[in-house]
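Student: Please find the sequence and the predicted model below.
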Amino acid sequence: MYENFEDKARETRLSGYGHVQRRDREYVGRWMLEMELPDKRKRGRPKRRFMDAVTEDMREVGVMEEDARNRPKWKQVIRCGDP
């Protein structure tokens, strides 16, 4: 079992992010991750976006975006739960 739900969620987010980053630039998923929307948000606290969570996860694990291109290293580094 995983130690806690947060570790499994972090591993899943980083795994999906790495998968998309390894695809070619024309892949729609990658295009959507890199897309910038015009800022027309309502007042109040900003909503937490997927990339905000991924950036925080990468900081906690100690990896950079460039590391996602190396699949064996990426899989080894993001592994948080059971061996």
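Tutor: Cool, the structure landed.
Student: Only C-alpha atoms from now on, for both contacts and neighbour counts.
Tutor: Will do.
Student: shaky segments in this protein?
Tutor: Residues of the chain that meet the criterion pLDDT under 70 lie in 1-3, 80-83.
Student: quick one: which helix or strand includes Leu33?
Tutor: helix 28-34 (DSSP states H and E).
Student: And the next helix or strand past that helix?
Tutor: helix 50-61.
Student: After that following helix, which helix or strand is next?
Tutor: helix 71-78.
Student: what's that next one in contact with?
Tutor: Outside helix 71-78, the residues within contact range by C-alpha atoms under 8 Å, 6 or more residues apart in numbering are Glu11, Leu14, Ser15, Gly18, Val61, Val63, Asp67, Ala68.
Student: Taking helix 50-61 as reference, get the angle to that helix.
Tutor: Angle, helix 71-78 to helix 50-61, by axes from the mean of the first three to the mean of the last three C-alpha atoms, to 10 degrees: 80 degrees.
Student: Going forward, count from 374.
Tutor: Understood, numbering begins at 374; the last thing we discussed is helix 444-451.
Student: From the chain's centre, how far out is helix 444-451? Work that out for me.
Tutor: 13 Å (C-alpha atoms, centre = their mean, to the nearest Å).
Student: So for it, what gets flagged as buried?
Tutor: For helix 444-451, the neighbour count (16 or more other C-alpha atoms under 10 Å) marks Trp447, Val450, Ile451 as buried.
Student: Tell me the one among the contacts of helix 444-451 nearest to Arg422.
Tutor: Leu387 (14.1 Å; C-alpha to C-alpha).
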